[in-house]
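J.: what would the 3D arrangement of this be:
(chains A and B)
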Amino acid sequence: MKKVVVAATLAAALAVLATAAWGSTKGSSRVAAPANAGNALVKCGKTRSIGLLAPFTGPAASIGINQVHWANFYRNAYNRSHKTKIKFVNEDTQLGSANGTAEAVKGAQALGSNSSVLGVVGPAGSNEVKATTGALKGAGLGWVSGSATNTQITLDGTRTGFFFRTVPPDSSQSKSVSAYIVNNLKVKRVYIIDDQEAYSTGLADEVQAQLKAKGVSVGRDGVSQQQSDFSSLINKIPRNNQLVYLPWQLPPKGQAFGQQMKSLGRAGTKLMGSDGLFDPLFAGLGSNVYDSFFPVNPSDARVAAFKKLHKGTELFGAPSYVAAQVVTGAIDRACKNGTASRAEVRAQIKKTKIAASVSLLGLQVAFDKHGDMVKKPFGIYHSVKGVFVRVA
Amino acid sequence: MNWSLFFGELVSGLTLGSIYALIALGYTMVYGILKLLNFAHGDVYMVGAFIGFFVLQWLGGALSPAVNGWVAIAIMFAVAMVGCGALGVGIERFAYRPLRNAPRIAPLISALGVSIFLQNSALLLWGPQFRSYDTFDLIGVKSYSIGNNFFISNIQILTISVSIGLTIVLALVVSRTRTGKAMRATSFDRDAAEMMGISIDRVISFTFFLGSALAAAGGVMFGLVFGQIFSLMGFTAGLKGFTAAVVGGIGSIPGAVLGGFLIGLTESFATGYLPGGSVYANLYVFALLIVMFLIRPTGLLGSPVIQKV
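T.: The predicted structure follows:
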């Protein structure tokens, strides 16, 4: 029996290692788009289909549902005011779940094989954008994310002409964050903890380099998104450290980290999150919490209407409203003669020009040659009584 | 020497080890009686964490519990332990008992099946999202310090104390009670024990009840200390508990506790001191397991079994 125990234990250990190895390689596949990808014409009809890739469930569901609500808010408004209608084909990506980006890839494949889908809104995470590139690009679909901010996903050329986003990149976010830490918070010692995902490590690298260049002492570490026990890691943070920067995607993890900081006597240390943690769960940790977030025009009448409809919910998903607006507008223009191909929709996304007055972001939405917005500011927020208030 | 880091990792390791020890006890007791590796045990621990969470909600939630926070925690422990004890008995009755005389691989596969069944049922019933215990709001977590280097919170003290307390109670049950004597007899020789009039079914059911109740206590502790629980939390914790049981010497109750603390401390100190430790702590834990097998195949407190050939 001893041998059985030994064999079972080693098998279990191998399973853990194999899972980790699989998780670290699965996002790297690259598929070039076939020459005629997305050229097939479809009849537009009265109702046009748009894929919606979002974390409906899973650890990031709190921000995912917010994105879905904003996208649906746009769809409902559009359908009320137009003769033609749009409908979303929903696919759940389960961002941050134990099986990594597998659900996002499955969802992207399903959208790619659905010939009625002309464009896609989402996915939420930069790692998901990378993982779904093969499926979406291979099917000739253009896709617009309302939250994927990793700098390189537009600049590496892998998905140029296919992928666009309605949020500024991390290069913009990192500049705002490092400037605020140095100039406003006057902090000299910072500890950065990434969550090992593409979005997080990219942003952490940029902030780290910028802070070091400004003479700030920076410590660096990482955690797995699956981790819940941060106590050992918190012990490693020097007691005289003034601020911990968490460029994470999952608000419940940010909340758990903050709670464990408090329970280990580190309540005085400031916490700064990134756009992924722009959520009441993180804001609720107290007045020493800061965050960076996309530009959203808070005085827009639609923001008030949305908050009324969804009982004071947060603005994280607002750029997904704009993403839906971009894809819908592109489909409308491509469908002018009654038929459209995915390639035509992509070309129209590229030509998007939404005036500042109707973009919800308070700035004009137009894309550069990489798929980034031409204008890309980022805001800094401070938690006041559990609610993020813009301070820069 | 950074003593603050050292003591911090020590307390974190003991806290984590307390939880692993409680899970390992269930593995080791069931193995001792049935020679079965109950791979569903980690998922029973997950169910315990969820029962604790729902009891807290039933009591009004962490922000406004209907009773004192500490009383709420006591009720959470009690209900989760009884609930999971009953679940353990049910699992044994329907998934393992019919296979008691089947080849050993059959109950092992059945255990894996129960594990997947529980995981997916939890996903279906409670969804994949995280649930927060909000321990801060419930009892107001406080941190105590001795000098400038030693820090420990009231919830860490509670976790370590409850774990040690439950282990002592278990040891007393096994060594001092009539049922404990029946458990030991069944573990030693099941057929002989049956011939001496011991109800084997009852002893095995009781063993499952005890093991599952301890796992539930571990689940509630996890929620209280680390704040959040989720449907798939049982898999890794179960593996670690199993590893702890094997490192300590499977079948040995003191060994399970020792193994639990050893795994917890290894994970914690690896995070604190080894390169990439905060991301790859599991690598170090399972490397320890392999080294342990090479040096002492029966585990720390396990003894070699002599088989008639």
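J.: state the pLDDT value of B:Gly140.
T.: Predicted confidence (pLDDT) at B:Gly140: the value is 82.
J.: same check on B:Ala215?
T.: At B:Ala215, the pLDDT value in this model is 97.
J.: stretch B:147-156 near chain A at all?
T.: Yes: Stretch B:147-156 is in contact with chain A by Cβ under 8 Å from any Cβ of the partner chain, via B:151, B:153, B:155-156. Any C-beta I mention is one placed from the backbone N, CA and C, and that applies to glycine too.
J.: which members of these are the farthest-apart pair?
T.: B:Phe151 and B:Ile155 (12.6 Å; Cβ to Cβ).
J.: who has more neighbours out of these two?
T.: Comparing B:Phe151 with B:Ile155 by other Cβ atoms under 10 Å in any protein chain shown, the one with more neighbours is B:Ile155, at 24 against 21.
J.: residues contacting the more buried one?
T.: Applying Cβ atoms under 8 Å, 6 or more residues apart in numbering or on different chains, we find B:Ile155 in contact with A:263, B:135, B:139, B:141, B:224-225.
J.: among those, which are in helices?
T.: Among those, the residues falling in helices (DSSP state H) are A:263, B:135, B:139, B:224-225.
J.: got a winner among those residues for most neighbours?
T.: So for the ones in helices among the contacts of B:Ile155 (other Cβ under 10 Å), the most neighbours sit at B:Val225, 27 neighbours.
J.: surely that residue touches B:Thr159?
T.: Yes: between B:Val225 and B:Thr159 there is a contact at 5.4 Å, judged by Cβ atoms under 8 Å.
J.: give me the common contacts of the two.
T.: Residues touching both B:Val225 and B:Thr159 by Cβ under 8 Å, 6+ apart: B:15, B:19.
J.: give me the low-pLDDT residue ranges for the chain?
T.: Since no chain was named, I'll use chain A. A:1-37, A:312-314 (pLDDT under 70).
J.: oops, chain B please
T.: For chain B (pLDDT under 70), the answer is B:128, B:304-309.
J.: that older thread, put together CSV for the ones in helices among the contacts of B:Ile155, with distance to B:Trp3 on each row.
T.: Putting the ones in helices among the contacts of B:Ile155 into CSV (distance: Cβ to Cβ, whole Å) gives the following:
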residue, distance to B:Trp3
A:Ser263, 20
B:Thr135, 27
B:Ile139, 28
B:Leu224, 27
B:Val225, 23
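J.: which two of the residues you listed have the greatest separation?
T.: Every pair of those checked by Cβ to Cβ; the farthest is B:Ile139 and B:Val225, at 11.9 Å.
J.: spatially nearest residue to the residue of the stretch 101-250 of chain A found nearest chain B, not counting backbone neighbours?
T.: Nearest residue of the stretch 101-250 of chain A to chain B: A:Asn235, at 3.1 Å (Cβ to the nearest Cβ). Closest residue in space to A:Asn235, ignoring its immediate chain neighbours: B:Gly8 at 3.1 Å, by Cβ to Cβ, 6 or more residues apart in numbering or on different chains.
J.: list the contacts for the one you found?
T.: By Cβ under 8 Å, 6+ apart, the residues touching B:Gly8 are A:231-232, A:234-235, A:264, B:151, B:272.
J.: any idea which element the residue of the stretch 201-309 of chain B found nearest chain A lies in?
T.: Across the stretch 201-309 of chain B, the shortest distance to chain A (Cβ to the nearest Cβ) belongs to B:Thr271, at 3.6 Å. Secondary structure assignment for B:Thr271, by DSSP states H and E: helix B:253-273.
J.: give the buried residues for that helix.
T.: B:253, B:255-272 (16 or more other Cβ atoms under 10 Å in any protein chain shown).
J.: what angle do whatever helix or strand comes next after that helix and helix B:253-273 make?
T.: Following helix B:253-273 in sequence order, the next helix or strand is helix B:277-295 (DSSP H and E). Using axes from the mean of the first three to the mean of the last three Cα atoms, to 10 degrees, one finds that helix B:277-295 and helix B:253-273 are set 140 degrees apart in direction.
J.: other SSEs contacting the helix holding B:Thr271?
T.: helix A:231-236, helix B:3-34, helix B:154-176, helix B:233-248, helix B:277-295 (3 or more Cβ pairs under 8 Å, 6 or more residues apart in numbering or on different chains; DSSP states H and E).
J.: so which helix or strand takes in B:Tyr144?
T.: strand B:143-146.
J.: whoops, A:Tyr321 was the one
T.: helix A:318-334.
J.: try A:Arg48
T.: Applying DSSP H and E as the criterion places A:Arg48 in strand A:47-54.
J.: any residues touching that strand, and which ones?
T.: Under Cβ under 8 Å, 6+ apart, the answer for strand A:47-54 is A:64, A:67-68, A:71, A:84-93, A:104, A:107-108, A:111, A:114, A:116-124, A:128, A:132, A:141, A:143, A:320, A:324, A:327-328, A:331, A:335.
J.: now stretch A:102-122 - C-alpha only, CSV.
T.: What follows is stretch A:102-122, C-alpha atoms only, in CSV (Å, rounded to 0.1, in the frame of the first residue of the first chain):
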residue,chain,number,x,y,z
ALA,A,102,-9.6,28.6,-21.6
GLU,A,103,-13.2,29.9,-21.3
ALA,A,104,-12.4,33.1,-23.1
VAL,A,105,-10.9,31.1,-26.0
LYS,A,106,-13.9,28.8,-26.1
GLY,A,107,-16.2,31.8,-26.2
ALA,A,108,-14.2,33.5,-29.0
GLN,A,109,-14.3,30.3,-31.0
ALA,A,110,-18.1,30.1,-30.6
LEU,A,111,-18.4,33.7,-31.8
GLY,A,112,-16.0,33.1,-34.8
SER,A,113,-18.1,30.1,-36.0
ASN,A,114,-21.4,32.1,-35.6
SER,A,115,-21.7,33.6,-39.1
SER,A,116,-24.3,36.2,-37.9
VAL,A,117,-21.8,37.9,-35.6
LEU,A,118,-20.2,40.8,-37.3
GLY,A,119,-18.1,42.3,-34.5
VAL,A,120,-17.2,41.8,-30.9
VAL,A,121,-17.2,43.8,-27.7
GLY,A,122,-14.6,42.6,-25.1
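J.: is any residue of that stretch near chain B?
T.: No: against chain B, stretch A:102-122 shows no contacts by Cβ under 8 Å from any Cβ, the least distance being 10.1 Å.
J.: can you pull the buried residues of that stretch?
T.: A:102-109, A:111-112, A:116-122.
J.: show me those residues that map onto strands.
T.: A:117-121 (DSSP state E).
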